[in-house]
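Asker: sequence? don't have it. structure:
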């Protein structure tokens, strides 16, 4: 018998994390702690989340993971623009761009493989 797949915590928003920790009989503030560790501190190793109870960390290590999409390519243009090609599975990929500007930056994220916008610099729609 195959073990149950682990829950990727990156696939859960705040409400989803709340439901997830409630299903583990944890208090609601644990979801906020997880959000902070994952999205503000960028920590992907549950064992490093020092303000979580050790028993909760051990439980999470058994049933959860924090796994970003695999990066197929990472390119930087001479103007500092960065382009990433991300593997979304089933032989599909999407692109993401960061375009730096003097006082801010713009992040463009393709939301689907096969995007119909067909920007000339993006291969997602091709």
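Answerer: Looks like it came in fine. A quick note: this is a predicted structure, and the numbers were derived from the prediction, not measured.
Asker: Can you give me every residue that contacts residue 67?
Answerer: 8, 10, 44 (Cβ atoms under 8 Å, 6 or more residues apart in numbering). Glycine gets a C-beta too; all of them are placed from N, C-alpha and C.
Asker: can you rerun that using 10 Å?
Answerer: If you count contacts by Cβ atoms under 10 Å, 6 or more residues apart in numbering, residue 67 has them with 6, 8-11, 44.
Asker: can I get the residues you listed in CSV with secondary structure, pLDDT and distance to residue 116?
Answerer: Listed next are the contacts of residue 67 as CSV, based on DSSP: H, G, I helix; E, B strand; the rest coil; pLDDT from 0 to 100; distance: Cβ to Cβ, whole Å:
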residue, secondary structure, pLDDT, distance to residue 116
6, coil, 94, 34
8, strand, 96, 28
9, helix, 97, 31
10, helix, 94, 26
11, helix, 93, 25
44, coil, 95, 33
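Asker: ok, and the most crowded of these?
Answerer: residue 9 (22 neighbours; other Cβ atoms under 10 Å).
Asker: pretty sure it is in contact with residue 60, am I right?
Answerer: Yes - counting by Cβ atoms under 10 Å, residue 9 touches residue 60, with 8.1 Å between them.
Asker: what sits in contact with each of the two?
Answerer: 20, 34, 46, 66.
Asker: Any chance you could list what contacts stretch 20-39?
Answerer: Contacts of stretch 20-39 (Cβ under 10 Å, 6+ apart): 7, 9-10, 12-19, 43-46, 48-53, 56, 59-60, 63-64, 66.
Asker: now do 8 Å
Answerer: Outside stretch 20-39, the residues that reach it (Cβ under 8 Å, 6+ apart) are 7, 9-10, 12, 14, 17-18, 43-44, 48-49, 51-52, 56, 59, 63-64, 66.
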